[in-house]
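[1] Below is the structure, and that's it, no one-letter string:
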């Protein structure tokens, strides 16, 4: 289904402020409150809005260090990949994990307190996952841009 201009405007506004009131949202998109609420509910039902959440400050919560880890598996088999996926999903430090093309099989984004905590994560956890052959780590020095918004 194609989204209308109003639906797109609702999504743009909500992805920047999920706590906006329906009346403020309605005013910004040029609708009265009831039709605006119905459109939001319809977008939720159709899966355009998957959830609402709070964006936390990682520095305040001792998770200020971002590390990207490229992981190569020892063999490319379904069992190996399934096992790695299960393990990665259990690690609270891992914010994102992608199956990739190229020289490495997975790319992980992890947030930890400091380099010592990352070393523990790497040595005690990531390298002990069955099938992990090699890792390459990149420590982020500065976040130039971090965004969760989609270009809609």
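    All right, it came through fine. Values in this document were obtained by computation on a predicted structure and should not be read as measured data. Numbering: from 1, shown residues only.
[2] quick one: pLDDT of residue 75?
    Residue 75 is assigned a pLDDT of 87 by the prediction.
[3] elements contacting the helix or strand of the chain with the lowest mean pLDDT?
    Within the chain, no helix or strand scores below helix 78-89, which has a mean of 94 by mean pLDDT, DSSP states H and E. With contacts defined as 3 or more CB pairs under 8 Å, 6 or more residues apart in numbering; DSSP states H and E, the packing partners of helix 78-89 are strand 65-73, strand 94-99, strand 106-112. (C-beta placed from N, C-alpha, C; glycine too.)
[4] Quick one: these as TSV, columns for mean neighbour count too.
    Formatted as TSV, the entries for the helices and strands packed on helix 78-89 read as follows, by neighbours: other CB atoms under 10 Å:
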stretch	mean neighbour count
strand 65-73	19
strand 94-99	14
strand 106-112	20
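[5] mind putting the ones you listed in CSV, distance to residue 79 included?
    What follows is the helices and strands packed on helix 78-89, written out as CSV (distance: least, CB to CB, whole Å):
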stretch, distance to residue 79
strand 65-73, 11
strand 94-99, 15
strand 106-112, 15
